[in-house]
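1. pasting a predicted model and its sequence here:
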Amino acid sequence: MINSNRSVLSACATVLCLIAAVLVFSGCAKEMACGCQPLTPFKSPGNAAFYKADGSFDAAAAKDAYYAMMKSFGYPIPAVLKTDTFWVADFVQADFDTLGMGGVFWKNQNAKYGEIGSKSYKGEFKDQKFGYLGHEIYLLPGQMLPEHNHIGGPEGFGPKMETWHIRHGSVEFFGEHQGADKETPISEMPADHRPFGYGEPWFKSKYVVKMNAGGIYTLNDPESWHFMRAGPNGAIVSEYATFHNHVQFSKPEMVFDSTKAKK
């Protein structure tokens, strides 16, 4: 009788273990399917890997890291991402692992309604300007963009309107203003997790909100300073916006370029 009870208990324990394993696997599979977690492990090779012996930024090494991240998420790599249309930059900070990005402008259209199409538009808006943007942003684990804004520039466009759609990974969005997405003060973050630049006289952002794959976030003031930082698995983010023709950074002397060789 005792042996029989032990057998029953053992069988029950085995079944419970199997159920638990299925539930854990299902949860992981669900996270992977939605893009929250990479399908295969990925880790940034570290900042030194992105610089040549002469100190210059190694764009090819940066792109290789992004390709590896894309593959880890099961993200398709079209031929255009193997050309110079896919750009990378470290903003001349020589710390690409912390501050940098990769990107591709799928479309950045600036025209008048009557200037496009195989049969040019002849309607009442034909002489009015329009502009729109489709942009993909690539960020390695923990990597962030510099704090910036888009006021319009010399071509007569108003401030850039932007919405971001997280395709893979996770992102922290930082900005000047508190909107309707449960943004919280950066000051409440652990000190060792606050972003690059926080506390400097030029730093403007005050709030942060974290979102996972599938999340959509809209800039709540088109003139506000803002930026984003990838979570521990990196991020691939689609941006939908008005025409992009101007960007300025809050940090003095920062430029949209990459570190050159030391003289």
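-> Noted; the coordinates are in hand.
2. only C-alpha atoms from now on, for both contacts and neighbour counts.
-> Will do.
3. strands of the stretch 101-250 of the chain, residue ranges please.
-> 101-112, 129-139, 148-149, 162-175, 184-185, 207-212, 216-218, 226-241, 248-249 (DSSP state E, counting those that start in this stretch).
4. so the second one versus strand 226-241, what angle?
-> Angular relation of strand 129-139 and strand 226-241 on a 0 to 180 degree scale: 130 degrees, by axes from the mean of the first three to the mean of the last three Cα atoms, to 10 degrees.
5. now the strands of the stretch 101-250 of the chain in JSON lines, with mean pLDDT?
-> Listed next are the strands of the stretch 101-250 of the chain as JSON lines, based on pLDDT from 0 to 100:
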{"stretch": "strand 101-112", "mean pLDDT": "94"}
{"stretch": "strand 129-139", "mean pLDDT": "94"}
{"stretch": "strand 148-149", "mean pLDDT": "96"}
{"stretch": "strand 162-175", "mean pLDDT": "97"}
{"stretch": "strand 184-185", "mean pLDDT": "98"}
{"stretch": "strand 207-212", "mean pLDDT": "97"}
{"stretch": "strand 216-218", "mean pLDDT": "96"}
{"stretch": "strand 226-241", "mean pLDDT": "97"}
{"stretch": "strand 248-249", "mean pLDDT": "95"}
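6. would CSV of those with mean neighbour count and distance to residue 39 be doable?
-> Converted to CSV, these look like this (neighbours: other Cα atoms under 10 Å; distance: least, Cα to Cα, whole Å):
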stretch, mean neighbour count, distance to residue 39
strand 101-112, 17, 21
strand 129-139, 19, 17
strand 148-149, 20, 32
strand 162-175, 23, 11
strand 184-185, 17, 31
strand 207-212, 21, 15
strand 216-218, 17, 22
strand 226-241, 23, 11
strand 248-249, 18, 35
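7. make TSV out of the ones you listed and add distance to residue 43.
-> Formatted as TSV, these follow (distance: least, Cα to Cα, whole Å):
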stretch	distance to residue 43
strand 101-112	16
strand 129-139	12
strand 148-149	27
strand 162-175	13
strand 184-185	28
strand 207-212	18
strand 216-218	25
strand 226-241	8
strand 248-249	28
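8. residue 90: which of these is closest?
-> Distance to residue 90, taken as Cα to Cα, is lowest for strand 101-112 among those, at 6.9 Å.
9. pull the contacting residues for the residue nearest to residue 233 when sequence neighbours are not counted.
-> The shortest distance from residue 233 to any non-neighbouring residue, by Cα to Cα, 6 or more residues apart in numbering, is to residue 141 (5.0 Å). Contacts for residue 141 (Cα atoms under 8 Å, 6 or more residues apart in numbering) come out as 43, 44, 230, 231, 232, 233, 234, 235.
10. got the contact list for stretch 75-93?
-> For stretch 75-93, using Cα under 8 Å, 6+ apart, the contacting residues are 57, 59, 62-63, 67, 70, 96, 99-105, 146, 254-260.
11. same thing but at 7 Å, please
-> 59, 96, 99-104, 254-259 (Cα atoms under 7 Å, 6 or more residues apart in numbering).
12. ok so, going back, for the residue nearest to residue 233, phi and psi?
-> Backbone torsions for residue 141, taken as degrees, to the nearest 10, come to phi -50, psi 120.
13. for residue 215, see how far away it is.
-> Here residue 141 is placed at a distance of 18 Å from residue 215 (Cα to Cα, to the nearest Å).
14. helix or strand for residue 68, just tell me which one.
-> helix 59-73 (DSSP states H and E).
15. mind checking pLDDT for the closest residue to residue 120 other than its chain neighbours?
-> Leaving aside its chain neighbours, residue 120 sits nearest to residue 114 (5.3 Å; criterion: Cα to Cα, 6+ apart). On pLDDT, residue 114 comes in at 86.
16. residue 243 too?
-> 90.
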